[in-house]
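In: A structural model of the following input is requested.
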Amino acid sequence: MITKKDKNVSRKARHARVRKKVSGTMERPRLCVYRSLNHIYVQIINDENGTTLVAASTLDPDVKGQIADKTKKEAAKIVGEAAAKKALEKGIKQVVFDRSGYIYHGRILEVAAGARAAGLEF
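Out: Below you'll find the model as predicted:
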């Protein structure tokens, strides 16, 4: 019998493999993306002391009003822009992009494009 591979297990393995090398510092924190079926979450993390510096998601009240009639990709771009604006307010200009094992396509690509458009450098 053929068993189907669990895509989330494969994604977590890719994420763990990348996280061995990619780490966020105070000068250049890590922009981490998590994608669920309905929502997208972005965090900017300093891994040296394990703190989240900035967070944004489609569930935030300020973002939720903007994405009422948008597609998931358009919502992801808005979330990326919101996270970048919050980061720039805190003085963060450069980040390391962590796609969390997801393919750099679709909503993940739109988050990165939105963050770049708002002024963050990868």
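In: every contact and neighbour count from this point should use C-alpha atoms.
Out: Will do.
In: the closest residue to Arg28 other than its chain neighbours: neighbouring residues, count only.
Out: Among residues not flanking Arg28 along the chain, Val95 sits closest, at 4.8 Å (C-alpha to C-alpha, 6 or more residues apart in numbering). As a burial measure, Val95 scores 23 neighbours (other C-alpha atoms under 10 Å).
In: check the gap between Val95 and Val79 for me.
Out: 16 Å (C-alpha to C-alpha, to the nearest Å).
In: can you map out the strands along this protein?
Out: 30-35, 40-46, 51-57, 96-98 (DSSP state E).
In: so where is the chain shaky, pLDDT-wise?
Out: The model of the chain has no residue with pLDDT under 70.
In: in it, where's the longest helix?
Out: Ranked by residue count, the top helix of the chain under DSSP state H comes out as helix 72-89.
In: show me what that one is packed against.
Out: Helix 72-89 is packed against strand 40-46, strand 51-57, helix 61-66, helix 107-118, with contacts defined by 3 or more C-alpha pairs under 8 Å, 6 or more residues apart in numbering; DSSP states H and E.
In: quick one: contacts of the first one?
Out: In this structure, residues lying in contact with strand 40-46 by C-alpha atoms under 8 Å, 6 or more residues apart in numbering are 24-26, 29-35, 51-58, 76, 79-80, 83, 87, 95.
In: now the shortest one
Out: Around helix 61-66, the neighbours that count as contacts under C-alpha under 8 Å, 6+ apart are 57-58, 78-79, 82.
In: ok now it, how far from the chain's centre?
Out: 17 Å (C-alpha atoms, centre = their mean, to the nearest Å).
In: now stretch 110-122: buried residues?
Out: Buried residues in stretch 110-122, counted by 16 or more other C-alpha atoms under 10 Å: 110-116, 118-121.
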